[in-house]
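>>> Curious how this folds, go ahead:
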Amino acid sequence: MSTALADRHCLPCEGGIEAMTAEAARASLTALDPAWRLDESGRQLRRDYQFPNFLRTMSFVNAVAHIANLEDHHPDLAVGYNYCRVVYTTHAIDGLSENDFICAAKMDRL
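Next up, the predicted model:
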């Protein structure tokens, strides 16, 4: 199912829709790599990546930025020498939307 999800594209979200329920988010999580986690509230999707060095970390960050630009859906990133934490949430609805899972599935392909 993650392949089908990764083949989709994000739809603009300016608010006016409900965020996914925690139950729906948990169900959608099964389509992603098991390293993805939901926060306690079920409103954020997170994954921590480790890399052998700074160059590999920044190459990954640049690939994430490319996906974000193409999809017009941007994660919050925390970046250091050999790690990157990626957090998705749809700020306009203060929770998760299908866009978050689409982008996470695209990252699973990296």
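
>>> Next, the distance between the ends of stretch 43-58.
With Cα to Cα, to the nearest Å as the measure, stretch 43-58 spans 27 Å from end to end.

>>> other SSEs contacting the lengthiest helix in the chain?
Longest helix in the chain, counting residues (DSSP state H): helix 54-71. For helix 54-71, the packing partners by 3 or more Cβ pairs under 8 Å, 6 or more residues apart in numbering; DSSP states H and E come out as strand 76-80, strand 83-88, helix 98-108. The way it works is simple: take the backbone N, C-alpha and C, and place the C-beta from them, glycine included.

>>> at 10 Å what do you get?
For helix 54-71, the elements it packs on are strand 45-50, strand 76-80, strand 83-88, helix 98-108, judged by 3 or more Cβ pairs under 10 Å, 6 or more residues apart in numbering; DSSP states H and E.

>>> Of all those, which one comes closest to Cys10?
Shortest distance between Cys10 and these, using Cβ to Cβ, is found for helix 98-108: 4.1 Å.

>>> how much distance is there from that closest one to the middle of the chain?
Remark: helix 98-108 is offset 5 Å from the chain centroid, using Cα atoms, centre = their mean, to the nearest Å.
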